[in-house]
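Visitor: Next input, structure requested:
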Amino acid sequence: MKTNDEKLKALELFSNGYLCSEAVLMDIAKTHNINSPLIPNIATAFGRGLANGDSVCGALSGGILALSMMQGRQNAQESFELLYKNIAGLKESFGKEFGAHECSVLLGFSLNDTDAKEKFMEQNCKTCKCSNYISFTINHINEMIKSN
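Guide: Next up, the predicted model:
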């Protein structure tokens, strides 16, 4: 289990400009001593509800990428069953905790709205909403990995 200082470091990445998807992937990679020049780049497109859309939350998408990084296949003969089971578990737990998977539903507005930036700032979404999604995803994945 992560200490409060470690949790704050993950959220610090987010508060310092990294997207939710990037912060989650970077945190999981660091926790499990995975270094790659592709991190955080590979997660950039998954931020903000798949790049400003009304799709899956970036924290959840980053978590799915992190699970795949940890449990994905290296060849066509390897099984992907554990990974898919864990992705389903993460999605189910996230949905139960927050009531949705879609960024626009979680925020209460679409990041495509013309006034999205103002709404995001006015509602303090970074701290009051997105940080919760990031923390939940990171903690859930680390618990999954520990129990597998």
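
Visitor: For the residue nearest the centre of the chain, give its distance to residue 77.
Guide: The chain has residue 59 as the residue nearest its centroid, 2.2 Å off, counting by Cα atoms, centre = their mean. Residue 59 sits at a distance of 32 Å from residue 77 (criterion: Cβ to Cβ, to the nearest Å). The C-beta positions use only the backbone N, C-alpha and C, and glycine is treated the same way.

Visitor: try residue 54
Guide: 38 Å.

Visitor: To what extent is residue 116 buried, counted in neighbours?
Guide: When neighbours are counted by other Cβ atoms under 10 Å, residue 116 registers 17.

Visitor: Number the residues from 9 up from this point.
Guide: Got it, first residue is 9 now, which makes that one residue 124.

Visitor: Helix, strand, or coil at the residue nearest to the centre of the chain?
Guide: Under DSSP: H, G, I helix; E, B strand; the rest coil, residue 67 falls in the helix class.

Visitor: and residue 32, how far is that from residue 89?
Guide: For residue 32 relative to residue 89 (Cβ to Cβ), the value is 23 Å.

Visitor: Neighbour count: those two, which is higher?
Guide: Shown here are residue 32 and residue 89; by other Cβ under 10 Å, residue 32 has more neighbours (33 against 9).
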